[in-house]
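Enquirer: Here's my sequence, what's the structure:
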Amino acid sequence: MASEATVLSVDGPHGTREVRISSPSRVMWPELGLTKLDLAKYLIDVGEAFIAANGDRPLALQRFGDNIDGEQFFSKNPPKGAPDYIRSVKVEYPSARSHPQLVIDEPAAAVWAAQMNTVVFHPWPSRAENSDNPDQLRIDLDPQPGTDFDDAVPAAIELRKVLEEAGLNAFLKTSGNRGIHVYAPIEPVREFLDVRHAVIAAARELERRMPDKVTTSWWKEERGERVFVDFNQANRDRTIAGAYSPRALAHAPVSCPITWDELEKVHPKDFTILTVPERLRTVGDPWAAFHEKPGTIDTLLGWWQRDLDSGLGELPFPPDYPKMPGEPPRVQPSRAKKDK
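Expert: Residues are numbered from 1 along each chain as shown. Next up is the predicted model:
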């Protein structure tokens, strides 16, 4: 008996491609009954904006064996049998090891990824041909237990002011969960460590202005009921869900670009794979002009140096990173006290 399958026609810069979807009725979001075919059609509907945000970048695919409640894994390099319009670029990881990583350049490639049970797309902040130098500064505002999206909103508004003072034009999107992602286009002339330091400088300035509302504390036990400014998302090979990427949560949310005027009026649950296509058709893409005026991180690096001179040093790196120069001990504060 022939297996269930359907073929979708996907328009793109190189004409129309036919993409085969096997098991199109496979339910990916059980609570809503949304299927693999629903996911593929969503990616077709948002294809142009999706590729503008995530294309031409090293990309990791968050894939699922069955549905979002089942086993998941990450794919970084193209699997065998990938179509010829799927390419890769060699990138260097924190371990100094290099390896080919997937790049998508057109909507058909995103639909192909959906065929591979990809739900979440994780793009690097750098371009494929210049992967060592980010062209995006990204700051993840992560509400901690006891806080929510509404607590991240005033933090995002103040962060916009901080970045403007540093000469950067800030854009934002919902994380697809409770947080907010604030981005700024930058000239791709600085490597990841410099961009990390720029993010830390901005995060510390935000923390000074809102000490009871936001925190840069890496250790969860020190964060309290505040919004964590996750500086470690600025590191090499650390990624967050891309703009217009679905999320693996029960209500099928999308990490959706919004305007600053909308920020205090919307809720993350407003944006799902069922609602975002119509939003794009009627409202347009708030990130359409994202790369028109890239800035530099020179001012932020000046703030970083100022903080160094005043005694504030490097902050902890993720646990899977090699030990980095100037990094404080990776020991939980409460444990460090017990060990003394």
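Enquirer: what's the first-to-last distance across stretch 263-278?
Expert: End-to-end distance of stretch 263-278 (Cα to Cα, to the nearest Å): 19 Å.
Enquirer: repeat for stretch 206-218
Expert: The first and last residues of stretch 206-218 sit 15 Å apart, counting by Cα to Cα.
Enquirer: try stretch 239-252
Expert: One end of stretch 239-252 sits 20 Å from the other (Cα to Cα).
Enquirer: any chance you could map the helices in the stretch 201-340 of the chain?
Expert: Remark: helices assigned in the stretch 201-340 of the chain by DSSP state H, counting those that start in this stretch are 276-283, 298-309, 333-339.
Enquirer: how about the longest one: buried residues?
Expert: Put plainly, it is helix 298-309. The neighbour-count check on helix 298-309 (16 or more other Cβ atoms under 10 Å) flags Thr299, Leu300, Leu301, Trp303, Trp304, Asp307 as buried. Backbone N, C-alpha and C define where each C-beta goes, glycine included.
Enquirer: Might one say that the first one is in contact with Val162?
Expert: Translated: Thr299. No. Applying Cβ atoms under 8 Å, one finds Thr299 not in contact with Val162, separated by 10.4 Å.
Enquirer: Leaving out chain neighbours, which residue sits closest to Phe192?
Expert: Excluding its sequence neighbours, the residue lying closest to Phe192 (Cβ to Cβ, 6 or more residues apart in numbering) is Arg236, at 4.3 Å.
Enquirer: where in the stretch 101-250 of the chain is pLDDT low?
Expert: Filtered on pLDDT under 70, the stretch 101-250 of the chain yields no residues whatsoever.
Enquirer: In the stretch 201-340 of the chain, mark out all the strands, start to finish.
Expert: Counting by DSSP state E, counting those that start in this stretch, the stretch 201-340 of the chain has strands at residues 214-215, 227-230, 257-258.
Enquirer: Can you give the strand pairings for the last one, parallel or anti for each?
Expert: Sheet pairing here is set by DSSP bridges, and for strand 257-258 it gives strand 171-174 (antiparallel).
Enquirer: just the second one next, same as before
Expert: In the sheet containing strand 227-230, its partner strands are strand 136-143 (antiparallel), strand 214-215 (parallel), by DSSP bridges.
Enquirer: Quick one: residues in contact with the shortest one.
Expert: This means strand 214-215. Residues from elsewhere that reach strand 214-215 (Cβ atoms under 8 Å, 6 or more residues apart in numbering): 141, 144, 155, 203, 206-207, 222-224, 226-229.
Enquirer: Swap in 6 Å and give it another go.
Expert: Here strand 214-215 makes contact (Cβ atoms under 6 Å, 6 or more residues apart in numbering) with Ala155, Leu206, Glu207, Arg223, Arg226, Val227, Phe228, Val229.
Enquirer: Pick out the most distant pair among those.
Expert: Greatest spacing in the contacts of strand 214-215, by Cβ to Cβ: Leu206 and Arg223 (14.2 Å).
Enquirer: between the two, who's got more neighbours?
Expert: Using other Cβ atoms under 10 Å as the criterion, Leu206 and Arg223 rank with Leu206 on top: 26 against 19.
Enquirer: can you pull the contacts of that one?
Expert: Residues near Leu206 by Cβ under 6 Å, 6+ apart: Leu159, Val162, Val214.
Enquirer: again with Ile139
Expert: Neighbours of Ile139 in contact, by Cβ under 6 Å, 6+ apart: Val182, Val199.
Enquirer: If we go by neighbour counts, what in stretch 273-293 is buried?
Expert: Residues of stretch 273-293 classed as buried: Ile273, Val276, Pro277, Arg279, Leu280, Asp285, Pro286, Trp287, Phe290 (neighbour count, 16+ other Cβ under 10 Å).
Enquirer: okay, these in CSV with distance to Gly326 and pLDDT next?
Expert: Listed next are the buried residues of stretch 273-293 as CSV, based on distance: Cβ to Cβ, whole Å; pLDDT from 0 to 100:
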residue, distance to Gly326, pLDDT
Ile273, 43, 98
Val276, 42, 98
Pro277, 47, 98
Arg279, 44, 98
Leu280, 44, 98
Asp285, 40, 98
Pro286, 38, 98
Trp287, 35, 98
Phe290, 33, 97
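Enquirer: Let's have the residues you listed in CSV, adding distance to Gly70.
Expert: CSV is the format used below for the buried residues of stretch 273-293 (distance: Cβ to Cβ, whole Å):
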residue, distance to Gly70
Ile273, 18
Val276, 24
Pro277, 26
Arg279, 29
Leu280, 30
Asp285, 32
Pro286, 33
Trp287, 32
Phe290, 34
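Enquirer: now for those, which pair is the farthest apart?
Expert: Ile273 and Phe290 (21.8 Å).
Enquirer: Excluding chain neighbours, what is closest to Ala248?
Expert: Ile68 (4.1 Å).
Enquirer: so Tyr93 touches Phe192, yeah?
Expert: No. The criterion here is Cβ atoms under 6 Å, and Tyr93 misses it with Phe192 at 11.0 Å.
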